[in-house]
Structure formats: C-alpha cells, structure tokens
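K.L.:
Here is a sequence together with a model predicted from it:
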Amino acid sequence: MQIKSSAIFQCPAKRAVKLASVAALASFMVSGCGTGTLPSTTTSAAITANQTPYKGVVHGGQQPVSGATIQIYTVGTTGIASASTPLITGTTVLSDSGGGFTIPAGAYSCTSATEVYMTATGGDAGSGNNAALSLMTALGPCGALTASTFISVNELTTVAAVYALSPFMSSYTNIGAGSSYATGIVNAFAMANQLVSSANGNIAATPSGLTLPVSRIDTLADVLAACVNTSGATSAACVSLLSATSATDTIGAGLAIAKNPGSSTLTGLWSLASSSPPFNPTLTTQPNDFTLQINYTGTELLGSYGIAIDANGNAWITNEAGSSVVKAITPTETTSSPYNAIPFSTATYSAGGILAPRGISIDRSGFVWIANTGGNNVVELNSLTGSPVAGSPFSGGGISAPISVANDSAGNAWVANFSGNSITELGVTGTPSGASPINGSGSLSLPTSIAIDKSGNVNVANAGTGQICIFNNAAILQSCPSDGILVGATSIATSNTGNIALAGSTTGATITGAFTLVTSGSVNTASPVTGGGLTLPIAVAYDANNNAWFANTSSISEFSGSNAVTPSTGLGSLNSPVGIAIDASGNIWTANAGNNSISIFVGLGASTTTPVAANVGP
C-alpha cells in the first residue's frame with residue numbers, strides 16, 4: 001500500500017468567513033498538519049519490520065558494476081544536511097557480475113524511516129575495483145518499497161539525485177532537513193524522479209509542453225562515467241574530475257558541480273565525455289553553466305508575469321494576457337508512484353473578474369491575493385478550490401492600477417497602486433484600513449513593487465524616483481533612502497537579516513543593470529551593485545541563505561550581500577522573465593513573459609520556507 005506524504009496537503013488557518021466555501025473539503029484535510037515534524041510517508045499498516053525482498057541493478061555508463069556495496073539511507077531529520085541513517089544492517093549486499101542485486105527480506109526496516117535513497121559504492125565497472133566509484137538514486141517514501149520494486153542506479157540517477165537534493169546535502173551520508181523544510185525535501189525526491197526514473201535509470205518521460213535539459217543531464221552523467229569506468233582515483237579521468245571538484249568520489253564530484261554550476265573550472269569538465277559517450281545526446285561545446293533548467297510552455301500560459309509559491313510547493317503564476325492565474329502543481333500532488341516519471345500538472349483559474357493580473361502573494365493561511373491590474377481591484381482565491389473568497393474582488397481603499405501585493409504576518413494584504421502613487425492596506429476580510437490610501441505625504445511615485453520585512457515594515461519600490469520608501473506596520477513613513485543613481489525601479493525583496501534589494505536600471509550609459517542594497521534603513525556603500533550578469537533586472541527574491549536572486553533580460557543572477565555569486569554571464573537562458581520565486585526545495589522559478597513560459601532551476605538556491613509571508617513579522 002502506498003501512502004503519500006502528509007506534506008502535500010495544505011492546512012490553512014481557520015478563518016470562518018473564508019473557510020465556509022471549503023467545508024466540503026474538510027474530510028480531505030490531514031489531522032497531522034501543522035505539527036512541525038518531518039512528514040511521515042508511511043502508516044503503521046505500510047510498515048513492516050522485515051521488508052519483502054526487491055531487486056535492482058548498478059551500471060557505470062552501460063557497463064555493469066560488480067562488487068558494489070548497496071546501502072539504503074533514510075534522510076536526517078535534525079536540520080539541513082543532518083546525518084542520514086543507513087538502514088541495511090547485519091548483512092552486506094553486493095552487486096553481482098551483471099550488476100544485479102537483491103535486498104533480502106529482513107535486511108532493513110522502515111519503522112523509523114521517511115524519504116530514502118540508495119547508494120552503490122566501490123566495485124568494478126570493467127577496469128578493476130574503483131574506490132572512487134559512488135552512485136545513488138533518490139527513491140522516496142520507504143514504505144512504498146515492495147517486492148515488485150526495481151531500482152536502477154547509474155550516473156543519470158546520480159545527477160538527478162544530487163541536483164534535486166543539493167540544498168539538503170553535504171555528502172551522500174549527510175542528506176537531511178529539519179521540520180521547517182520537511183515539505184521541501186519530500187518534493188525534492190519527487191523532482192529527482194521527474195528528471196530521471198529510478199525504476200529504469202533513463203531520462204523521465206514528459207508531457208506536452210515540458211522540456212527537460214536532456215543534453216546537460218547526459219553530459220554530466222558522461223563526466224561522472226569517465227571516472228566510474230576506470231580503475232580508480234589515480235586514473236587520468238578521476239584525477240581531472242576529483243581535483244577540479246575537490247571531491248573524493250563521484251557523488252561528491254556531482255554535488256560540487258550542482259552547487260557551483262557557473263564555475264568555468266567545472267563547466268570545463270564537459271570535455272571528459274568521451275568521443276563515444278555512454279549517454280546521448282551530449283553538449284558539443286563547453287556550456288556557460290551546468291544548471292538544470294526545466295521549461296514549461298503550456299498553451300494555458302499567456303503573458304506569464306508574477307509568481308508565488310504556496311506551502312506545498314505549488315507555483316501560482318499570474319497570466320496577464322490570459323486574464324487568469326495558473327497553478328503549477330508540485331510533483332508530489334500528481335505522482336502515482338515515486339518510481340515512475342512524474343507528470344507536470346497545471347490548473348487555471350479565471351473566476352472572480354481576473355483581468356490583466358500582475359502581482360501575486362500568498363498569505364500564511366494559504367489564500368492567494370492577486371493585484372488585478374486590469375480590473376482595478378484585488379482578487380483573493382482559496383488555494384484549495386481556486387474559487388474567489390467571500391467579498392472578492394476588493395476595490396476600496398483607493399486601489400488604482402494595483403501592480404504588486406504582499407502579505408504581512410497577520411494576513412493583511414498591502415497593495416502598490418501604480419496610478420494612484422499610493423499603497424493600500426486590506427485586512428484579512430478585504431476591508432481597507434482607515435488610513436488607506438497611503439501616499440507618505442507625497443513621497444510615493446509610481447510604486448511598482450511591495451515587500452514586508454522581518455520587522456513588519458512595508459517596503460515600496462518607486463519607479464518614478466528610483467528609491468525605496470519604508471513604512472512601519474502602522475503605515476507611518478519612516479524614510480525613503482536612495483542611492484541617487486538607480487532609475488526605473490521595478491522590484492523589491494527583503495532578507496531575513498534586514499537587507500532590502502531594489503532592482504532596476506541606472507542612468508550610467510555603460511551600466512544596464514544594478515540594484516540598490518539597503519541595510520538597517522540605510523543605503524549600502526557598495527550601491528549601486530553591479531556585475532554577476534545583472535542586465536535590466538526586473539524581479540528579485542531572497543532565499544533562506546539571504547542571497548538575492550534576480551531575473552534579468554535573459555538570465556538569472558545571484559548576490560550574497562553586494563558580492564556577485566554568479567559569473568558575468570549570469571545563469572540559464574530565459575526570455576524576458578518578469579517574476580522570480582524560490583521554493584522549499586531550493587528550486588528557482590521564473591515567469592517568462594517573452595515566450596509565455598515558466599522555468600525551474602533545479603536545486604539552485606537554498607531551501608526557503610514558503611509562502612514568503614511565513615518569513616515576515618512581527
């Protein structure tokens with residue numbers, strides 16, 4: 001019996017005025033929601049002390065690996081990259097001459113296990129025993145392993161696993177997440193199988209509109225295979241791979257590449273792929289970066305604009321030209337088995353008078369707030385049903401061409417009114433505050449973006465002046481810092497350490513992209529910040545490591561404070577992205593207006609609690 005993780009269900013806080021419309025769904029809610037523990041992926045009925053035997057095979061490229069030690073680990077639960085627990089004890093499982101192995105009954109127990117993965121270490125792929133050989137595959141719920149389960153372990157499954165799990169991983173014996181990131185690691189296991197099937201070891205099948213980075217996955221697998229299919233760490237291929245990545249085994253090498261995909265030293269490893277590589281097609285030239293970028297261009301997307309992630313990892317995208325909102329459903333909500341290719345699923349909502357929507361935010365209770373620019377109002381949807389809540393749309397409080405919306409910790413929605421040169425505060429029922437509209441004594445000028453920080457302050461980006469205006473949670477203006485250079489301010493984001501990043505262009509003829517960094521209410525002396533591939537950045541988001549991610553004209557950039565993390569070319573290949581968000585699995589999402597698409601950069605950022613409102617205060 002397969003049991004899905006409880007983490008895929010939402011548990012909105014009870015707000016009677018809004019939950020009446022979802023009373024019929026009450027029977028689907030999970031009683032364990034909100035307990036703050038790593039989600040259980042099995043029930044007592046699915047757990048047995050002595051699991052039935054199941055089989056698998058280990059390959060290095062297309063060569064069987066004999067004598068590899070097989071182990072199953074369950075992820076750590078005490079924090080990011082906490083120690084994993086080996087489950088096979090009291091016996092040693094080795095692959096045979098054909099690479100096959102059998103996990104005997106009684107070799108392991110799922111009693112204390114959640115998400116599990118398998119490793120194959122050491123062994124002979126045809127050139128002698130190789131101590132640097134290490135391969136893995138991400139499995140998923142331990143309780144779903146049955147007698148019919150077949151598992152493939154090769155370089156493709158290794159690449160998929162290390163990329164999807166990299167935000168939770170420091171080595172193959174340290175993969176874990178604390179309760180705050182439980183949903184993220186569950187979804188990361190599912191993502192690994194969306195890239196490569198753990199059942200057959202091949203690139204996963206995809207539905208119409210979804211494109212996987214096949215040639216990059218193949219090339220990365222070929223790079224690892226160059227070392228796997230040798231006699232060990234002293235072979236020329238292993239020396240090149242391990243020295244460049246500062247690793248001691250091939251899983252560690254793959255992880256180093258996943259965590260530093262823009263390093264020219266690491267992208268240069270593409271040359272290790274032989275003239276007759278085991279996995280095809282491959283990259284024919286050295287890539288700009290080794291990010292794994294998934295693209296989705298479904299016909300339901302039309303003018304992709306804003307993007308926000310809910311507590312389950314679902315992405316909500318405003319469809320400006322399509323006058324709708326598209327929900328990209330997280331893999332764990334659509335999979336029927338953790339061992340099969342997982343379909344990408346979407347749902348489209350247009351009820352409630354949605355017209356040319358732009359900004360979008362999700363509050364702590366899971367309700368979706370939409371800056372309905374064309375409708376000159378704010379629409380609120382129930383994320384379980386996609387239907388408008390009672391009283392929606394909301395048009396009071398001086399709302400005028402609303403372009404951005406953000407939620408504070410109390411569930412209030414703050415709206416940037418582009419035409420009104422003001423902001424509006426809406427309570428949880430959509431009622432405007434008595435002070436709205438708020439213009440800061442005329443300080444606001446064409447506000448384009450709004451963000452709440454950890455102290456509960458409301459931060460507003462002004463395109464008209466290129467500055468930030470900071471209000472406290474009582475809507476009283478505190479200051480409007482500016483570096484005097486940034487113009488065309490388009491987006492604003494706040495970090496957990498108090499930094500504020502304001503993205504935009506500058507007046508300098510040779511500078512096409514920059515951002516202003518504000519710390520503790522004052523402009524950082526490094527501002528305006530440039531480099532790292534910044535090119536007319538239009539959207540920004542912070543991850544849990546307090547690194548800022550920017551959506552540029554055709555790429556994304558990452559900064560730690562004022563220091564560029566990404567190379568001068570940025571990362572990825574995008575078409576006019578206007579929205580960016582980070583999920584609890586560390587995936588970076590962009591909404592791309594230029595070609596009506598969304599992109600997902602697998603495991604590129606830090607695991608970040610979603611929705612964003614969960615990270616703000618007081």
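P.N.:
Ah, there it is.
K.L.:
Give me the three-state assignment for Ile217.
P.N.:
At Ile217 the chain is in helix, as set by DSSP: H, G, I helix; E, B strand; the rest coil.
K.L.:
can you count the residues close to it?
P.N.:
Counted with other CB atoms under 10 Å, residues neighbouring Ile217 total 23. Glycine gets a C-beta too; all of them are placed from N, C-alpha and C.
K.L.:
Quick check: Trp414 vs Phe101, distance?
P.N.:
57 Å (CB to CB, to the nearest Å).
K.L.:
distance of the residue nearest to Val214 when sequence neighbours are not counted from Leu301?
P.N.:
If the residues on either side of it in the chain are set aside, Val214 comes closest to Ile203, at 5.5 Å by CB to CB, 6 or more residues apart in numbering. Using CB to CB, one obtains 24 Å as the distance from Ile203 to Leu301.
K.L.:
returning to that earlier point: who's more crowded, Trp414 and Phe101?
P.N.:
Taking neighbours as other CB under 10 Å, Trp414 and Phe101 compare with Trp414 leading, 27 against 23.
K.L.:
For Ile598, see how far away Val578 is.
P.N.:
11 Å.
K.L.:
Counting neighbours, what do you get for Asn592?
P.N.:
25.
K.L.:
Assess the claim that it and Ser573 are in contact.
P.N.:
No: in this structure, Asn592 is not within contact of Ser573 by CB atoms under 8 Å, at 10.3 Å.
K.L.:
Ser324 is in contact with Thr346, isn't it?
P.N.:
No: applying CB under 8 Å as the test, Ser324 and Thr346 come out as separate, 10.8 Å apart.
K.L.:
re earlier: which residues do Val578 and Ile598 both contact?
P.N.:
Common contacts of Val578 and Ile598, defined by CB atoms under 8 Å, 6 or more residues apart in numbering, comprise Ser304, Ala591, Asn592.
K.L.:
Now the helix or strand hosting Gln478: buried residues?
P.N.:
Element membership for Gln478, per DSSP states H and E: strand 477-479. By 16 or more other CB atoms under 10 Å, the buried positions in strand 477-479 come out as Leu477.
K.L.:
related to what we said a few turns ago, and which of the shared contacts of Val578 and Ile598 is nearest Thr494?
P.N.:
Here the nearest of the shared contacts of Val578 and Ile598 to Thr494, counting by CB to CB, is Ala591; it sits at 20.0 Å.
K.L.:
And the closest one, how close does it get to Ala347?
P.N.:
The value you get for Ala591 to Ala347, if CB to CB is used, is 16 Å.
K.L.:
between those two, which one's more packed in?
P.N.:
Neighbours were counted for Ala591 and for Ala347 using other CB under 10 Å; Ala591 has more, 33 against 13.
K.L.:
per-residue confidence for the more buried one?
P.N.:
For Ala591, the pLDDT comes out at 97.
K.L.:
what do you get for Val30?
P.N.:
Val30 is given a pLDDT of 24.
K.L.:
go on, Ser40?
P.N.:
On the pLDDT scale, Ser40 gets 32.
K.L.:
Same check on Ser482?
P.N.:
Reading off the model, Ser482 has pLDDT 89.
K.L.:
who's in contact with the residue nearest to it when sequence neighbours are not counted?
P.N.:
Leaving aside its chain neighbours, Ser482 sits nearest to Gln467 (3.4 Å; criterion: CB to CB, 6+ apart). By CB under 8 Å, 6+ apart, the residues touching Gln467 are Cys480, Pro481, Ser482, Leu486, Ala489, Leu502.
K.L.:
re the thing from before, what about Ile203 and Leu301, which has more around it?
P.N.:
Comparing Ile203 with Leu301 by neighbour count (other CB under 10 Å), the higher total belongs to Leu301, at 25 against 19.
K.L.:
Tell me who's in contact with the closest residue to that one other than its chain neighbours.
P.N.:
In this structure, Leu301 finds its nearest non-sequential neighbour in Asn596, 4.5 Å apart by CB to CB, 6+ apart. Asn596 sits next to Thr297, Leu301, Leu302, Gly303, Ser304, Ala321 when contact means CB under 8 Å, 6+ apart.
K.L.:
which stretches of this structure form helices?
P.N.:
16-19, 155-165, 182-195, 214-228, 236-245, 250-259, 264-267 (DSSP state H).
K.L.:
which stretches of this protein have low pLDDT?
P.N.:
Across the chain, the ranges flagged by pLDDT under 70 are 1-52, 331-344, 506-511.
K.L.:
tell me the domain boundaries of the chain?
P.N.:
47-289, 293-615 (automatic domain parsing).
K.L.:
ok, what's across the strand from Ala581?
P.N.:
Counting by DSSP bridges, Ala581 is bridged to Trp589.
K.L.:
Spit out the contact partners of it.
P.N.:
With CB under 8 Å, 6+ apart, Ala581 has these contacts: Ile307, Ala308, Ile309, Ala315, Ala541, Ile588, Trp589, Val612.
K.L.:
For Ala120, state which of the residues you listed is nearest.
P.N.:
Nearest member of the contacts of Ala581 to Ala120, counting by CB to CB, is Ile588, at 30.2 Å.
K.L.:
count of residues packed around the closest residue to the closest one other than its chain neighbours?
P.N.:
Nearest residue to Ile588, sequence neighbours excluded (CB to CB, 6+ apart): Phe601, at 4.1 Å. The local packing of Phe601 (other CB under 10 Å) involves 26 other residues.
K.L.:
Residues in a beta bridge with Phe601, which ones?
P.N.:
Here Phe601, judged by DSSP bridges, has bridge partners Gln293, Ile588.
K.L.:
That one against Ser555, yeah?
P.N.:
No: with contact defined as CB under 8 Å, Phe601 does not reach Ser555; the gap is 10.6 Å.
K.L.:
Quickly list what's touching both of the two.
P.N.:
Contacts common to Phe601 and Ser555, judged by CB under 8 Å, 6+ apart, are Leu571, Gly572.
K.L.:
Report the beta-bridge partners for the residue nearest to Ser482.
P.N.:
Listed by DSSP bridges, the beta-bridge partners for Gln467 are Asn462.
K.L.:
just to revisit the earlier point, return every residue with contacts to both of Ser324 and Thr346.
P.N.:
Shared contacts of Ser324 and Thr346, counting by CB under 8 Å, 6+ apart, come down to Glu300.
K.L.:
Which of the contacts of Asn596 ranks first by neighbour count?
P.N.:
For the contacts of Asn596, neighbours tallied by other CB under 10 Å; top is Ser304, 30 neighbours.
K.L.:
if I pick that residue, what's in contact with it?
P.N.:
317-320, 326, 578-579, 591-593, 596-598.
K.L.:
and if we set it to 6 Å?
P.N.:
Ile317, Ala591, Asn592, Ala593, Asn596 (CB atoms under 6 Å, 6 or more residues apart in numbering).
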